[in-house]
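Undergrad: Need coordinates for the following:
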Amino acid sequence: MSERNDDATRMTLIERLKRWDDSKSWQEFFNIYWRLIYTTAIRAGLTHSEAQDVVQDTLISVTKNIGRFRADPAFGSFKGWLLNLTC
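TA: Just a heads-up that it's a prediction; the model follows:
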């Protein structure tokens, strides 16, 4: 699959996350992004347990804020938005 198709799939996934009851999409999101969040927390000097808490807290933040995310390069990438929630 090309990088362009991967990006399109990610944007479709992100749009699907705006539907709270789409548990399959939320599971897919978790499977894709938990390592990024966890690794970011570990690199910031947190312990394993603290990093797991950050993953959980970030996922809660995503659920609360995903409706505000706009896929517009002028406002930055989804990954940047996600990592901003992680901090």
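Undergrad: switch to C-alpha atoms for all contacts and neighbour counts from now on
TA: Noted.
Undergrad: Moving along the chain from the helix or strand of the chain with the lowest mean pLDDT, name the first helix or strand you hit.
TA: Sorting the helices and strands of the chain by mean pLDDT, DSSP states H and E puts helix 3-17 at the bottom, at a mean of 69. Once the chain leaves helix 3-17, the next helix or strand it forms, by DSSP states H and E, is helix 23-43.
Undergrad: Work out the gap between that next one and the centre of the chain.
TA: Between the centre of helix 23-43 and the centre of its chain there are 6 Å (CA atoms, centre = their mean, to the nearest Å).
Undergrad: between the helix or strand harbouring residue 64 and helix 23-43, what angle do the directions make?
TA: Residue 64 is part of helix 48-65 when elements are defined by DSSP H and E. Inter-element angle recorded for helix 48-65 and helix 23-43: 130 degrees (by axes from the mean of the first three to the mean of the last three CA atoms, to 10 degrees).
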